[in-house]
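1. make a model of this:
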Amino acid sequence: MVEIMNLISTYIDKIDVGVPIFSSDIHKHVINDIINANPLVINEYINRYEKKHENFIRFKKGIYYKTSDTCFGKTKINYSELITRLYIKDNNEVFGYETGPSLFNNLGLTTQMSKYTFIATNKLQVDKVDDTIKLVKPVIKITNKNYKYLQILDIISNRFKVPIEINDYNFYIRRIIDDYNLDFEKLLYYANYYRDSDIYKKIALLAKGES
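-> Here you go, the predicted model:
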């Protein structure tokens, strides 16, 4: 079983400090070399590795990170990467996106600051890792093909009732649509899932380039 520990060590050594390390990824790495490796045995070796390496920290069940000592204490897990992995994207699979007041503020559509980061996600069952996260049920299941459409439609419909504080709002949104290379027919298709009787008019104005 020394081989399993070596594989675990090799995998962890390649990960940068602060980057979330999921036990599921360690499992895949080990099983890629040892097809019949028992997951329970792998978990036991991960536990042994944790006990022997004080800078390998268990954040919560199934999630670890490497830390280093600084003059301010030990470094923490990268929350941005952790949130992305848990609620937004894992490898090439997209299952979430930022939305709501925090998105409007990040895009410069409002100056109002939100104490929460709003994330529309399919992973509503995943425990929140931070009290500043607000998980939102998407209007339909989020996929790689539709997440940009749903994100812009959340803005167009303004289903969170965020006050808009820019004068050239439609011009700004149209520029985002163009930058995302979105198709207006598909925007209309996904608009069917929104409970907004005015959304079609809003999309038509954007398509015409009107304010």
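2. break the chain into its domains for me.
-> Per automatic domain parsing, the structural domains of the chain span 2-74, 79-208.
3. now the ones you listed in TSV, with mean pLDDT and mean neighbour count?
-> No exception for glycine: its C-beta is placed from N, CA and C like everyone else's. Below are the domains of the chain laid out as TSV (pLDDT from 0 to 100; neighbours: other C-beta atoms under 10 Å):
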stretch	mean pLDDT	mean neighbour count
domain 2-74	94	14
domain 79-208	93	16
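4. which residues of the protein fall in helices?
-> 2-13, 23-33, 39-52, 79-83, 100-106, 147-157, 169-179, 184-191, 199-208 (DSSP state H).
5. let me know which of the ones you listed is the nearest to residue 65.
-> Closest to residue 65 of these, according to C-beta to C-beta: helix 79-83, at 8.3 Å.
6. any idea how far residue 84 lies from residue 164?
-> According to C-beta to C-beta, to the nearest Å, residue 84 stands 27 Å off from residue 164.
7. next one: residue 93
-> Residue 93 is 32 Å from residue 164, where distance means C-beta to C-beta.
8. before we move on, what about residue 102?
-> 15 Å.
9. cool, and residue 113?
-> Separation of residue 113 from residue 164 (C-beta to C-beta): 15 Å.
10. repeat for residue 82
-> From residue 82 to residue 164 the distance is 31 Å (C-beta to C-beta).
11. again, but for residue 7
-> On the measure of C-beta to C-beta, residue 7 and residue 164 end up 53 Å apart.
12. for residue 85, same thing?
-> Residue 85 is 32 Å from residue 164, by C-beta to C-beta.
13. try residue 8
-> With C-beta to C-beta as the criterion, residue 8 and residue 164 are 51 Å apart.
14. repeat that for residue 30.
-> 51 Å.
15. do residue 19 as well
-> 37 Å.
16. what does residue 158 give?
-> 7 Å.
17. can you check residue 55 too?
-> Residue 55 is 47 Å from residue 164, by C-beta to C-beta.
18. spit out the contact partners of residue 66.
-> 12, 15, 16, 17, 18, 19, 21, 55, 56, 57 (C-beta atoms under 8 Å, 6 or more residues apart in numbering).
19. of those, which is the nearest to residue 117?
-> Closest to residue 117, out of all of these and judged by C-beta to C-beta, is residue 18, at 18.5 Å.
20. quick one, phi/psi of the closest one?
-> With angles defined as degrees, to the nearest 10, residue 18 sits at phi 90, psi -20.
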